[in-house]
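[1] What would the 3D arrangement of this be:
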Amino acid sequence: PANYVGLFGYTSSANISNVGLAGGSVSGGGFVGGLVGYNNGGTIIGSYNTGSVSMVSCECYNTDVGGLVGYNSGTVSNSYATGNVTSFGDNIGGLAGNNYSGTISNSYASGVSVSGYRSVGGLVGDNNGTISNTYSSGGTVSGVVDFGGLVGANWHIINTSYSTNAVTAGGGGLVGWNEMSVNNSFWNTQISGQETSSGGLSMTTVQMQQQANFTSSTAANGNVNPDWDFAGTWVMYDGLTHPLLRSFMTQLTVTANNAAKTYDGLAYSGGNGVNYSGVPNANLLGTVSYGGNSQNAVNAGNYFVTPGGLYSNQQGYLLSYVDGALTVNPAALSVTANAAIKTYDGLAYSGGNGVAYSGLVNGETNAVLGGALAYGGNSQGAINAGNYLIVPSGLTSGNYIISYVNGALTVNPELATVLVAPQPVVSSLVSMSIPAIDIPFNPPVQPALTQALEIDEINLLNPAAAGSDDPNLQAAQDVLLVAAVPAAEAASPLPVCR
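    Below you'll find the predicted structure:
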C-alpha cells in the first residue's frame, strides 16, 4: 500500500481552510490522514473529516495515522474528526497521528474508536509539539504501549484540554506516557475506567459538568484555578455537558413569548412558548422550562417569564435567553347598592341597605377588598316622601377593577286613618246608602239620633291637608261610618255633600 495518503497526501507550507470530508474511508501504509497524510509546516483551519482512517500495512518505523492528519509539523486549529482510526503500528490518533513540533488548538475528536500498538491517543498519538484547548470524547482508546484518553505519549506541552474517552486496561486516563508538561487538563475517571494517568487531574462526571471546576479553585481541581476561558473559547451547560468549543457553535437566541391573563386567584405556572432567532435542528437538546417571578404569581401586575432548560452538543448552539412578560390584568367587579324603603317619619335618611357583589373569583369574598364601603347620592339626608339614589363607593383593590351600580331609596307618605265611633240609637233605624260624602276631620256628632246611614265612601278632610299639596299626608278611604240623624228626618231624602 502507498504512503502519504489522504485527500492531500503531502503538503508543504500549504494553507487549507474550510474543507470538510463527510463519510467514506481512507486507508494506506504510513502517513495516512483523512484530509492530509503529511502536513509539512502548513496550516489547516476550519476543516473536518467524518470518515474512517486505517493503515493496511507498512514497512516503516512510525506509521503516523490520524483521523484528520497523519503527520503534522504545522498548525491545526478549529478542526475536528469523528471517524474511527485503526492501525497496528505506532503514533495513532483520533485527530493527528504525530504532532511533531506542530501546534494543535481549538480542535477535537469525538465518538471515535482509536486502536494501535504504541503511542495511541484519542486526540494525538505522539506529541512533540503544543496542544491547547482541545478534547477527545465519547470514544474508546486501546493499545499496547503508551496509550491514553487524549495523548498516547507526550514529549512537550499540553494545556487546558480534557478527555472523556473509555480507555482499556493499562492505559492512562489522559496521557499514557508523559516526559514534559501537562497543565490544567483533566480526564473523567468514571467514563475512562482509569484512576491514573501520566499527567493531568481526574474528575468525576458531575465534577466535569460544573463550570466552576474549570474557572476557580475547588477541591475537584486540587484547589488550583485552571483559569479556562469561557468567555471566548469554551462554553458549557452546567450539569448537562462537558466543556464545548465555541468556534463550532452557532448563536441562537431563545425568547419567551409574552403572556396575559385576567386575575383569577390562581398561581401562574409555565409560559406561553418561545420563539427562536433561527430554525434549530436536532443539535438543540432539552425541554423548554420557565422561571422568573412569574412562576406562582397570583396578584394583578407585571412579571418576568424567564426561559431555560435547553442545551446543545458540540455542533449545536450558543444559547442566550430573553425574558418575556406576564401581565395579570385585574378582574371586573360590580358592586350594586341594595334598594331601601321607608315610610315618611320626618327624619333624615343616612347610609344604605348593603350591597351585592358580582365578579369575585375563586371563592373570594369582600374580605379581600380594601377601603371602606360608603354611601352617597341624594338619598343621604333625604326626609320627604319620594324617590332617591343610593350611590355606593369607597372600596379598593389591586386585583379588581371596581364599578358601582346605584340603588334606590323610596320614602312613602305617612298613612292617616280616622275612626268614628258609633253613637247609641234611640229609635228604630233605617239604613240607606249614598255614593260618597266628605266630612270634616273629627266632625261633631249630635246626641239626639233616630236614623242610621251607611256611607260607601268617606274622604276625611284634615284641616292641615285640605286644599294642600303636601305629599307626606294621605287620606284613608273606604271607611264605614255609622252616624245618627233626628227621626223626623228619616223619611226625607238626604243630600250628598262634597
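
[2] What's the local residue count around the closest residue in space to Gly273 that isn't next to it in sequence?
    Setting aside the residues directly before and after it, Gly273 is nearest to Asn257 in space (Cβ to Cβ, 6 or more residues apart in numbering), at 4.9 Å. Every residue, glycine included, has its C-beta placed from N, CA and C. Residues near Asn257, counting by other Cβ atoms under 10 Å, number 13.

[3] How about the contacts made by Asn257?
    Residues in contact with Asn257 (Cβ atoms under 8 Å, 6 or more residues apart in numbering) are 271-275, 305, 324.

[4] and if you look at Val254?
    Contacts of Val254 (Cβ under 8 Å, 6+ apart): 274-277, 288, 307, 310, 319-322.

[5] ok, now how distant is it from Ser198?
    Distance of Val254 to Ser198, given as Cβ to Cβ, to the nearest Å: 43 Å.

[6] Please save the CA atoms from the helix or strand harbouring Thr164 in PDB.
    Thr164 is part of strand 157-167, with elements assigned from DSSP states H and E. Below are the C-alpha coordinates for strand 157-167, written out as PDB (Å, rounded to 0.1, in the frame of the first residue of the first chain):
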ATOM      1  CA  ILE A 157       3.200  20.700  26.200                       C
ATOM      2  CA  ILE A 158      -0.500  20.000  26.800                       C
ATOM      3  CA  ASN A 159      -2.600  22.900  28.100                       C
ATOM      4  CA  THR A 160      -6.300  23.300  29.000                       C
ATOM      5  CA  SER A 161      -7.500  20.000  27.500                       C
ATOM      6  CA  TYR A 162      -9.500  17.000  28.600                       C
ATOM      7  CA  SER A 163     -10.700  13.500  27.700                       C
ATOM      8  CA  THR A 164     -13.900  11.600  28.400                       C
ATOM      9  CA  ASN A 165     -12.900   8.500  26.400                       C
ATOM     10  CA  ALA A 166     -13.100   5.000  27.600                       C
ATOM     11  CA  VAL A 167      -9.500   3.600  27.900                       C
END
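
[7] mean confidence score for it?
    Mean per-residue pLDDT for strand 157-167: 98.

[8] Alpha carbons of the helix or strand following that strand, in CSV - could you do that?
    Sequence-wise, the next helix or strand downstream of strand 157-167 (DSSP H and E) is strand 175-178. Extracted in CSV, the C-alpha atoms of strand 175-178 (Å, rounded to 0.1, in the frame of the first residue of the first chain):
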residue,chain,number,x,y,z
VAL,A,175,-1.9,10.6,28.9
GLY,A,176,-0.2,7.2,28.5
TRP,A,177,3.4,8.4,28.8
ASN,A,178,4.5,11.9,29.8
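
[9] centre of the chain versus the following helix or strand past strand 175-178, how much separation?
    Sequence order places strand 181-183 as the next helix or strand after strand 175-178, per DSSP H and E. Mean C-alpha position of strand 181-183 versus that of the full chain (Cα atoms, centre = their mean, to the nearest Å) differs by 45 Å.

[10] Now do the end-to-end distance for stretch 78-85.
    20 Å (Cα to Cα, to the nearest Å).

[11] who's in contact with it?
    25, 34, 44-54, 65-68, 92-95, 106-116, 247-248, 314.

[12] could you measure Tyr276 against Gly83, distance?
    31 Å.

[13] Compare the two (neighbour count), which wins?
    Gly83 (26 against 14).

[14] any idea of the pLDDT on that one?
    Taking Gly83 on its own, its pLDDT is 97.

[15] doesn't it fall inside a strand?
    No - assigned with DSSP: H, G, I helix; E, B strand; the rest coil, Gly83 falls outside any strand and is coil.

[16] Now do the strands in the stretch 251-400 of the chain.
    Taking DSSP state E, counting those that start in this stretch as the criterion, the stretch 251-400 of the chain contains strands spanning 259-262, 274-276, 284-291, 301-312, 317-322, 324-329, 331-337, 340-343, 355-358, 370-376, 386-396, 400-405.

[17] Of all those, which one is nearest Asn412?
    Evaluated over the strands of the stretch 251-400 of the chain, closeness to Asn412 peaks at strand 340-343, with 5.0 Å, by Cβ to Cβ.

[18] Provide the strand pairings for that closest one, with the direction of each partner.
    Here strand 340-343 is paired, per DSSP bridges, with strand 407-412 (parallel).

[19] Now intersect the contacts of stretch 78-85 with the strands, please.
    In strands, judged by DSSP state E, the following of the contacts of stretch 78-85 are found: 25, 44-45, 48-49, 52-54, 65-66, 92-93, 106-110, 113-115.

[20] Drop anything exposed from those.
    44-45, 48-49, 52-54, 65-66, 92-93, 106-110, 113-115 (16 or more other Cβ atoms under 10 Å).
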